[in-house]
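> Structure for the following, please:
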Amino acid sequence: MVAILGIISAIGITSYQGYVSSTKKKSVENAMMQMSLAQTEFYSNNGYYYPQSTSNNCTPSNSTSNDIEKDLMGDGTKGPDLIPDNLGYFVCIWRDSNGDYGVTAKEDTQTQPCTINMSSMGSYTRDKNCSK
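Now for the predicted structure:
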């Protein structure tokens, strides 16, 4: 009887962890889409996309996530908490020399983090670590 309960528990925990992971990925993709929509307004107001400096890549961190929430989504002093700590992802936005931009989200884990990229056209790509 105990063995059966152990097996059922193991299956339940694995299923639940997969559900939580999938939900977090979808939540960060939704936040990335909101950032993309905010880029349209930012461009209308400034004539360029956020961030002002150009670089073909970026490194997601707590700092870059907070800057996006404050500078792109907020009033420059504060913004909505689109990327809460319990989401487990950090986000950054890069802009290339042609003026185009992309959004990168990376899971906050040391082992095999999931990385999700979104183009300015709204298409997503996930690396191989996102399929777990």
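> in this protein, which residue is closest to the centre?
Centroid check for the chain by C-alpha atoms, centre = their mean gives residue 105 as the closest residue, at 3.4 Å.
> Please report the distance of it from residue 99.
22 Å (C-beta to C-beta, to the nearest Å). The C-beta positions use only the backbone N, C-alpha and C, and glycine is treated the same way.
> ok, now residue 121?
Counting by C-beta to C-beta - residue 121 and residue 99 are separated by 14 Å.
> So these two - more neighbours on which side?
residue 99 (12 against 8; other C-beta atoms under 10 Å).
> what's near enough to touch that one?
By C-beta atoms under 8 Å, 6 or more residues apart in numbering, the contact set of residue 99 is 48-49.
> Look at it and tell me its secondary structure.
coil (DSSP: H, G, I helix; E, B strand; the rest coil).
> how about it, phi and psi?
Residue 99 adopts backbone torsions of phi 90, psi 0, taken as degrees, to the nearest 10.
> That one and residue 120, how far apart?
9 Å.
> by contact count, what packs against the helix or strand where residue 91 lies?
Using DSSP states H and E, residue 91 sits within strand 89-95. Here strand 89-95 touches helix 2-46, helix 62-67, strand 101-107, going by 3 or more C-beta pairs under 8 Å, 6 or more residues apart in numbering; DSSP states H and E.
> got a list of contacts for the second one?
When you say that, I think you mean helix 62-67. 58, 83, 90-93.
> Which helix or strand contains the residue nearest to residue 94 when sequence neighbours are not counted?
Among residues not flanking residue 94 along the chain, residue 58 sits closest, at 4.2 Å (C-beta to C-beta, 6 or more residues apart in numbering). Following DSSP H and E, there is no helix or strand that holds residue 58.
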